[in-house]
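> this one's structure only:
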């Protein structure tokens, strides 16, 4: 009976008669059986889910979506306690970020095969300090000689900088709207829609370049940015619902650090795909992976723990107890955003400014490291992809190790949360700037150059247990809005940096790139000062000014007690 109901009832409303009766309940993938036996508890939970003065079932108003039925038969046979759904979300969130960044960054590698490298005057090329020797093996001479190779496009450095930077024009515009939409409609479909738009634009990129040249490439990159701009705010909203305080560093960093892994995968696989199949295939492969992720995301992940049909009772109770966003349920959607308090909060403003510095360095590496490896160090395309990816692998490993270390430090109460955030953020700011500048002065010692890039990006991994998860500290209720402000403002660096680099280094000379990395160091170090001075790791009073969170904070203690709880 239950199986037949499961097969036929995907889109209809759940009847109270389907709830378990006298017979012992059997755990299936249909709507969850009642967990609360008493009438008082049932009434309380009903109001929590449906709102005061409303009537309705205490459990999801609809059975799982039709797509979920593909997995329901298997999941019904498993003990869901074996599969904590917050870790499923963390894994899928990380894969989503990986897809975002592979699709975003593949053009930065492919463009070296799409357009002829910048012309170097004979005088500049003759200066040994500005020109590294080109490999002369047979493979390099047959495939890497830009003077005889046929390129489909002939774009100058300024045009390439405009194409790479145009993504961030759209990316900035949808950050704040994305945070509002994710807060009202849920993070699941906001994130899914954003990555779906990015996927479709990835499929269209070869056609747009062939038809519209620079204008076509810029147009499709702007639309891609519009879609991907909602992803970070949606991720912060989801983290506020799914990441307990005790696991905030590791879950938050695992998801957010998918950006480094995406850049790593994109650079490595792009080099292979470009050399083996050509530049057009690269975009189709990444688009296919993005589409596959979207289908699994629809089936496996949900906006809140209460909406999840496969979550265990034990995990649901744990999340409701330890996650502020999960406690609030639907009530959070009706909470107004305290814009005045957010926009005048010194910790928030310091966080936003520090994000600008981080993004300047990070986007410089994403968009222009492959160009530096190609134009200055003269690595062939397959080596370029691997060596450009290696620093991001170091960054990802570093972020995971330091995140686990951060959770351990907080659990042992060795230092307070604010100090932890400031120490990690300083390492993530000063370290990369110094080591990347050192790489520019390492000349043509390729092994040393790559090693310095790797150490610098490993230091940047400290940003993730530092300022990257700081929005969740300041205000779990408004983490999506704060995340949108910080990431959207930081993305301005993604617009400005590639274009400025195109102006400073039009010839791809080593002396020009030393100026680029010198500016990078100055920006990252200067913006870090604001976080050291004004940054905070404590819950802000305006997160819950009137104690509306209910049982966890009374109005009288809303400002002082929540900060004491955060320190504990």
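Good, I have the coordinates. In this text the structure is predicted, and so the values were computed from the model without any measurement.
> Just the buried residues of the strand or helix carrying residue 420, please?
Per DSSP states H and E: residue 420 is located in helix 417-440. Of all the residues in helix 417-440, those buried under the rule 16 or more other CB atoms under 10 Å are 417-418, 420-429, 431-440. For glycine as for every other residue, the C-beta is placed from the backbone atoms N, C-alpha and C.
> What is that helix packed up against?
helix 346-375, helix 381-411, helix 446-460, helix 470-474, helix 510-534 (3 or more CB pairs under 8 Å, 6 or more residues apart in numbering; DSSP states H and E).
> now that helix: how far from the chain's centre is it?
20 Å (CA atoms, centre = their mean, to the nearest Å).
> quick one: the residue nearest the centre of the chain and residue 399, what's the gap?
Nearest to the mean C-alpha position of the chain, by CA atoms, centre = their mean, lies residue 256 at 4.2 Å. Per CB to CB, to the nearest Å, residue 256 is found 8 Å from residue 399.
> can you list residues touching both of these two?
Listed as contacting both residue 256 and residue 399 by CB atoms under 8 Å, 6 or more residues apart in numbering are residue 464.
> Skip the chain neighbours and tell me the closest residue to residue 499.
residue 161 (4.5 Å; CB to CB, 6 or more residues apart in numbering).
> Rounded mean pLDDT for the strand or helix carrying that neighbour, please.
Using DSSP H and E, residue 161 sits in helix 157-173. What helix 157-173 shows for mean pLDDT is 85.
> repeat for stretch 390-403
Stretch 390-403 comes out at a mean pLDDT of 89.
> i'd like the first residue to be 542 from this point on
Got it, first residue is 542 now, which makes that one stretch 931-944.
> For residue 934, see how far away the closest residue to residue 673 other than its chain neighbours is.
Distance criterion CB to CB, 6+ apart; nearest residue to residue 673, sequence neighbours excluded, is residue 985 at 3.9 Å. Distance from residue 985 to residue 934, counting by CB to CB: 23 Å.
> How confident was the prediction at the residue nearest to the centre of the chain?
Predicted confidence (pLDDT) for residue 797: 84.
> Touching, it and residue 638? I think so.
Yes - counting by CB atoms under 8 Å, residue 797 touches residue 638, with 6.9 Å between them.
> quick revisit: and the closest residue to the residue nearest to the centre of the chain other than its chain neighbours, how many neighbours?
Of all residues not flanking residue 797 in the chain, residue 1009 sits nearest, at 5.3 Å (CB to CB, 6+ apart). Neighbourhood size, residue 1009 [other CB atoms under 10 Å]: 29.
> related to what we said a few turns ago, just list the residues touching the residue nearest to the centre of the chain, thanks.
Residues in contact with residue 797 (CB under 8 Å, 6+ apart) are 638, 776, 1005, 1009, 1010.
> how about CSV for those residues, with secondary structure and distance to residue 994 added?
Shown next, in CSV, are these (DSSP: H, G, I helix; E, B strand; the rest coil; distance: CB to CB, whole Å):
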residue, secondary structure, distance to residue 994
638, helix, 22
776, helix, 27
1005, helix, 18
1009, helix, 21
1010, coil, 25
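> Make a ChimeraX selection of the buried ones in the residues you listed.
Only the buried entries of these go into this ChimeraX selection, using 16+ other CB under 10 Å:
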select :638,776,1005,1009,1010
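> Residues contacting stretch 948-968 from elsewhere in the structure, which ones?
Residues contacting stretch 948-968 (CB under 8 Å, 6+ apart): 787-791, 895, 943, 947, 1000, 1003-1004, 1006-1008, 1011, 1014, 1069, 1072-1073, 1076-1079, 1107-1108.
> where does the stretch 742-891 of the chain dip in pLDDT?
865-876 (pLDDT under 70).
> Try it again at 50.
870-871, 873-874 (pLDDT under 50).
> where do the helices sit along it?
772-783, 789-797, 799-817, 820-841, 854-863, 865-869, 880-884, 887-916 (DSSP state H, counting those that start in this stretch).
> among the ones you listed, which is the most enclosed?
Mean neighbours per residue, mean count of other CB atoms under 10 Å, is largest over these for helix 772-783, with a mean of 30.
> And it, what does it pack against?
Partner elements for helix 772-783 (3+ CB pairs under 8 Å, 6+ apart): helix 626-655, helix 716-726, helix 728-769, helix 789-797, helix 865-869, helix 1011-1015, helix 1020-1031.
> I'd like to know which elements the longest one is packed against.
Right, helix 728-769. helix 626-655, helix 698-714, helix 716-726, helix 772-783, helix 820-841.
> how about those in CSV, adding distance to residue 914?
CSV is the format used below for the helices and strands packed on helix 728-769 (distance: least, CB to CB, whole Å):
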stretch, distance to residue 914
helix 626-655, 9
helix 698-714, 15
helix 716-726, 31
helix 772-783, 28
helix 820-841, 17
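> What residues does residue 762 make contact with?
648, 704, 705, 707, 708, 711, 742, 746.
> Looking at these, which is nearest residue 1058?
Set against residue 1058, the nearest of these by CB to CB is residue 705 (17.4 Å).
> pretty sure residue 971 is touching residue 1065, no?
Yes - contact criterion CB under 8 Å: residue 971 and residue 1065 qualify, at 7.2 Å.
> Which residues are in contact with each of those two?
In contact with both residue 971 and residue 1065: no residue, using CB under 8 Å, 6+ apart.
> To residue 810, which of the helices and strands packed on helix 772-783 lies closest?
helix 626-655 (7.5 Å).
> how far away is residue 738 from residue 711?
With CB to CB as the criterion, residue 738 and residue 711 are 10 Å apart.
> One more: residue 1014?
29 Å.
> neighbour-wise, which of the two wins?
Comparing residue 1014 with residue 711 by other CB under 10 Å, the one with more neighbours is residue 1014, at 26 against 23.
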